[in-house]
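**Q** Output the structure for:
(2 chains)
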Amino acid sequence: MPAYFIVPVIFAVLGYGVLRVALAPVWELGMSAASMVLVEDTPNFYPELTTIYDPDMEKPEQEQAFIHAEDVVEPKHGEHYGELACERIQLKAPVYWGDDNRILRSGAGQYEISSLPGYGEAIIICAHNNTFFRPLQKIKEDDVITFDTNYDTYQYRVTEVSVIGEDDLAKRFDTMLSEQKETLLLYTCYPFHAISGRKTKRLCAFGERIEGADVIWGA
Amino acid sequence: MGGISVADIRKNTSGSSTRSRSHSHSHSHSHTHAGARSHSSGRKHYSGYRSEAHGTDQSREAYRKGISYVFSFILSVFLLLGTVCLTALNSLFSESFFCSVIQDDYYQAVLNQVVTEAEDYTIPVGLDLSVLDGVFTVDDVKRDVNGHVTAAFRGYEFRPNVESENARLYANVAAYLEEGHVAVEGETEDVIQAYIEDIDSIYLDEVPMPGIALIKAAREKVRGAVTAALIILFALSFILAVVLLRLYRYPHQGMRFITYAFGGCALMCFALPFGLYLSKVYEHVLATPEYFYIFVSGYLRCLLESFMKTAALWLIITVGCMVYIYLSKNGMLRGKIGEKISKKISRSLRRL
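**A** The predicted structure is shown next:
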């Protein structure tokens, strides 16, 4: 009677062995294909947006002219790390790292190729014109935009407001990103009024830094 | 088979035992009637012959057993491959299997995807998201997804009728614009129509199941080959089973090895799929969007379940064979019905 259990077990082990040997020529290919389509964690299709921003957190004292880069907690994709505000036009928008559709539903999104405030490089932020950046239609030169982040508060004075086509905007991005100059760019679709079909123009507000500590590397 | 036929193996092995029985009989005969021969020398001669014959019997029996195990193992592998082919035909290329995998969560995920994409398109256009309320329903999605699957498997074109969805969307947009005192005429009318067309294309892009054309093409290419392989494998399995039965005088002796093969096949069909099922490997598939992931993971889960169900079937057959062997071995297949079954099996085997 035990043979009815032992022999099938031996057959199964041998059978798997035979199949393994028979599949040897394509085994590596199959395993690498499997590793490409299998992931360690089950996918999460609705990840929550997280935050590292705390409006009540202690900021460096006024006299401090710089912050060590090591002390800056850099945001990850989809992380809320700051707040944009401009009192005159009643602009108030949370800023997230990244600019996908999920982020743009919750606030303003920062182009990830651009830099964080204080690093002396371009900061490029966008939002929808009928949600968080609707107030941008009233922005003017010399308006002051406050950008409160998880490590310091920065202020930018608007130097230019213009309507630019999509293609030209892409060129402006390239120019800004290649410059070693801290320029804030807020942009949104233009025109603002409803039901205007596909919008190919963008309203852009450029600003230069007037307040806030530099982020420096090393001692 | 090394130049020895099945009939030879059976003849030689069963013949030797008969011979040994007849020698024993002739010896007793000579012992009674041939008084001239000394008793001791006769015994010596007899015992020497018997041990030689017994040794030959044993080696032949071992040889037969060895061959039976090898055939039994090959049979189990053939049955496993046959099961794989059968499962492929009943799942990979089966319309009903596809439809059984697509459940309500799939339709809901398609709807979610359509609505999310439509919302992402609607916000920049400058409309409120409320214009999409009630435009697409799970029932619409279900109708159109199933329409696509059926069309793909039966080889015709399918284009969903989205007139009712368009009408609902138009009514919502018009109502929203009226609220904002915007007249729906002229350029605005054109923009609304263009918007509706764009939302339509989002819906029409998401409703067809991804990869269905690929599956259809694969089905047409390999279905014939898989069917042929299935027939060949089961034919070879049948031949092996008959060979195993004919190797022995009584069917239950050969049946033992067939039972091992069924058991081995059941175990192979079960062990790996069960391991994969327990580790929930199907939940770790990298597939987007969500509805495609639901389909792929559901498909893999159903495939593993299908293997395990087939393994259960093989196990039932194995147990059935074990019961038959037990009853035959213990002479319990008696009475009119029992004898009838036994005779029928023996007769059909002799015919083979």
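**Q** going forward, measure contacts between C-alpha atoms and count neighbours the same way
**A** Will do.
**Q** which intervals of the chain have sub-threshold pLDDT?
**A** Answering for chain A, as no chain was given. Residue ranges of chain A with pLDDT under 70: A:1, A:59-64, A:194-197, A:219.
**Q** sorry, should have said chain B
**A** In chain B, residues with pLDDT under 70: B:1-55, B:181-185, B:331-343, B:345-352.
**Q** How about the residues of it by chain A?
**A** Contact residues, chain B versus chain A (CA under 8 Å from any CA of the partner chain): B:73, B:76-77, B:120, B:123-127, B:188, B:191-192, B:194-195, B:259-265, B:267-268, B:281, B:283-287, B:289-290.
**Q** Buried ones among those?
**A** B:73, B:76-77, B:120, B:123-127, B:188, B:191-192, B:195, B:259-265, B:267-268, B:281, B:283-287, B:290 (16 or more other CA atoms under 10 Å in any protein chain shown).
**Q** Pick out the residue closest to the middle of chain A.
**A** By CA atoms, centre = their mean, the mean C-alpha position of chain A lies nearest to residue A:98, the distance being 1.5 Å.
**Q** So that one is in contact with residue A:81, correct?
**A** No - between residue A:98 and residue A:81 there is no contact under CA atoms under 8 Å: 10.9 Å.
**Q** Tell me where the stretch 151-300 of chain B has strands.
**A** Taking DSSP state E, counting those that start in this stretch, the stretch 151-300 of chain B contains no strands at all.
**Q** Contacts only, for the residue of the stretch 201-350 of chain B found nearest chain A.
**A** Nearest residue of the stretch 201-350 of chain B to chain A: residue B:264, at 3.8 Å (CA to the nearest CA). By CA atoms under 8 Å, 6 or more residues apart in numbering or on different chains, the contact set of residue B:264 is A:7-12, B:73, B:76.
**Q** for residue A:132, same thing?
**A** A:91-93, A:107-108.
**Q** Where neighbours are concerned, which of those has the most?
**A** In terms of neighbours by other CA atoms under 10 Å in any protein chain shown, those top out with residue A:108 at 31 neighbours.
**Q** Residue A:48: neighbour count?
**A** By other CA under 10 Å, neighbour count at residue A:48 equals 10.
**Q** Check the secondary structure at it for me.
**A** coil (DSSP: H, G, I helix; E, B strand; the rest coil).
**Q** quick check, nearest of the contacts of residue A:132 to residue B:302?
**A** Proximity of these to residue B:302, judged by CA to CA, is greatest for residue A:107, which lies at 41.4 Å.
**Q** how near is that closest one to chain B?
**A** 13 Å (CA to the nearest CA, to the nearest Å).
**Q** Touching, that residue and residue A:130? I think so.
**A** No - at 11.5 Å, residue A:107 does not count as touching residue A:130 under the criterion of CA under 8 Å.
**Q** For chain A, which residues are neighbours of chain B?
**A** A:4-5, A:7-12, A:15-16, A:36-43, A:45, A:101, A:128-130, A:189, A:192-199.
**Q** These in strands, which ones?
**A** residue A:189 (DSSP state E).
**Q** Pull out the buried residues from the residues of chain A next to chain B.
**A** Buried among these by 16+ other CA under 10 Å: A:4, A:7-9, A:11-12, A:15-16, A:38, A:43, A:101, A:128-130, A:189, A:192, A:194-199.
**Q** Could you tell me which of those residues are located in helices?
**A** A:4, A:7-9, A:11-12, A:15-16, A:101 (DSSP state H).
**Q** What helix or strand is the spatially most central residue of chain B located in?
**A** Most central in chain B under CA atoms, centre = their mean is residue B:87, positioned 3.0 Å from the mean C-alpha point. Applying DSSP states H and E as the criterion places residue B:87 in helix B:39-87.
**Q** Residue A:218: neighbour count?
**A** When neighbours are counted by other CA under 10 Å, residue A:218 comes out with 7.
**Q** Next, the contact list for it, please.
**A** A:68-69 are the contacts of residue A:218 under CA under 8 Å, 6+ apart.
**Q** Let me know the helix or strand that it is in.
**A** Using DSSP H and E, no helix or strand contains residue A:218.
**Q** Then residue A:82?
**A** Since the elements are taken from DSSP H and E, residue A:82 ends up inside strand A:79-86.
**Q** helices or strands next to that strand in the packing?
**A** For strand A:79-86, the packing partners by 3 or more CA pairs under 8 Å, 6 or more residues apart in numbering or on different chains; DSSP states H and E come out as strand A:50-51, strand A:91-97, strand A:144-149.
**Q** mind running it again at 10 Å?
**A** strand A:50-51, strand A:91-97, helix A:101-106, strand A:108-110, strand A:144-149, strand A:153-165 (3 or more CA pairs under 10 Å, 6 or more residues apart in numbering or on different chains; DSSP states H and E).
**Q** where do the helices sit along the stretch 201-350 of chain B?
**A** B:212-246, B:251-278, B:290-329, B:335-351 (DSSP state H, counting those that start in this stretch).
**Q** out of those helices, deepest packed?
**A** When those are scored by mean count of other CA atoms under 10 Å in any protein chain shown, the highest mean neighbour count falls to helix B:251-278 (a mean of 23).
**Q** Check the offset of it from the chain's centre.
**A** 13 Å (CA atoms, centre = their mean, to the nearest Å).
**Q** Over to stretch A:173-193?
**A** For stretch A:173-193 - counting by CA atoms, centre = their mean - the centre lies 15 Å from the chain centre.
**Q** Same question for stretch A:6-15.
**A** Distance, centroid of stretch A:6-15 to centroid of chain: 55 Å (CA atoms, centre = their mean).
**Q** if I pick residue A:141, what's in contact with it?
**A** A:157-161, A:205-207 (CA atoms under 10 Å, 6 or more residues apart in numbering or on different chains).
**Q** Please report how far it lies from residue B:73.
**A** From residue A:141 across to residue B:73, the span is 85 Å (CA to CA, to the nearest Å).
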